[in-house]
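>>> Provide a 3D model corresponding to the input given below.
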Amino acid sequence: MHYDSRRALELLKAGTGRLDARFREGQEEAIRLLVEGRRRQLLVQKTGWGKSFVYFIATQLLREAGLGPTLLVSPLLALMRNQIAAAERMGVRAKTINSDNQEDWDSVEEAIRTDTVDIVLISPERLANERFRDEVLAEVAQHIALLVIDEAHCISDWGHDFRPHYRLIERIVRILPPNLRLLATTATANARVMEDLEVILGPGLQVLRGDLSRPSLALQTIRMGGAG
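I've put the predicted structure just below:
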């Protein structure tokens, strides 16, 4: 699929609300690779870098080209209100399924079935629900254009204690079509986790890793005096 750099920049400006917005180093490359359908990606960037813009812009470009919706698995949906607002400014229709909005589940499931939602943000616990997988996802699985796994370090043997249901994703990934666009994102991945993810998310996983240093954070050691 052809990548439209002009349209991608328009979407970034709309999402940020800034006419002078420009992509950060690595952002446009990640979007382009997703749109063109080249390999599975692991995007390792610090918090606040703009990983959500990568998958929201890619989603809108794919939808405008007539492809199916995006499925985003994240354990932090309650913290994503600002990102969802930015997506809506770009025209991306986003819906969430998690434990805090049970009253909306039926309407979201209907939107999935009728293809009137662009990206579905789902908690790992809801993804683990057998009825949802068999009665909702199974119907639309072949139409999903992009699968995004946020906080991907939780899949690893060394990182899943935070949300145990993430272990289910490994089994799902292994049976996905090899040509399905897949983006895994994290700001927390040491060498051991990275090696684990390359095995789980392969084959042909492309790692895009940025500078994880945080200027706003500092470490200080304080020598404590002995007890009197």
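>>> gap between the residue nearest to G202 when sequence neighbours are not counted and Y55?
The shortest distance from G202 to any non-neighbouring residue, by CB to CB, 6 or more residues apart in numbering, is to R40 (7.3 Å). Where C-beta positions appear, they are placed from N, C-alpha and C, glycine not excepted. With distances taken as CB to CB, to the nearest Å, R40 is found 13 Å from Y55.
>>> list the residues that contact both of those two?
Taking CB atoms under 8 Å, 6 or more residues apart in numbering as the contact rule, R40 and Y55 both touch L183.
>>> still on that earlier bit, and the residue nearest to G202, what does it touch?
R181, L182, L183, A184, L201, G202, G204, L205, Q206.
>>> try it again with 7 Å
Counting by CB atoms under 7 Å, 6 or more residues apart in numbering, R40 makes contact with L182, L201, G204, L205, Q206.
>>> The chain: helices as residue ranges?
5-16, 27-36, 51-64, 81-89, 105-113, 124-127, 130-132, 138-140, 166-174, 191-201 (DSSP state H).
>>> deepest of those helices, which one?
helix 51-64 (a mean of 24; mean count of other CB atoms under 10 Å).
>>> now for it, which elements pack on it?
helix 5-16, helix 27-36, strand 70-73, helix 81-89, strand 146-149, strand 181-186 (3 or more CB pairs under 7 Å, 6 or more residues apart in numbering; DSSP states H and E).
>>> Mean pLDDT and distance to E139 added to these, as TSV?
Shown next, in TSV, are the helices and strands packed on helix 51-64 (pLDDT from 0 to 100; distance: least, CB to CB, whole Å):
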stretch	mean pLDDT	distance to E139
helix 5-16	97	29
helix 27-36	95	24
strand 70-73	92	13
helix 81-89	89	24
strand 146-149	93	16
strand 181-186	93	20
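>>> what about the nearest residue to E88 once chain neighbours are set aside, neighbour count?
Closest residue to E88 apart from its sequence neighbours, by CB to CB, 6+ apart: A94 at 6.5 Å. Around A94 there are 22 other residues, counting by other CB atoms under 10 Å.
>>> mind checking how far A94 is from N179?
Going from A94 to N179 by CB to CB gives 25 Å.
>>> try D4
From D4 over to N179 the distance is 21 Å, taken as CB to CB.
>>> out of the two, which sits in the busier spot?
More neighbours surround D4 than the other of D4 and N179, with 15 against 9 (other CB under 10 Å).
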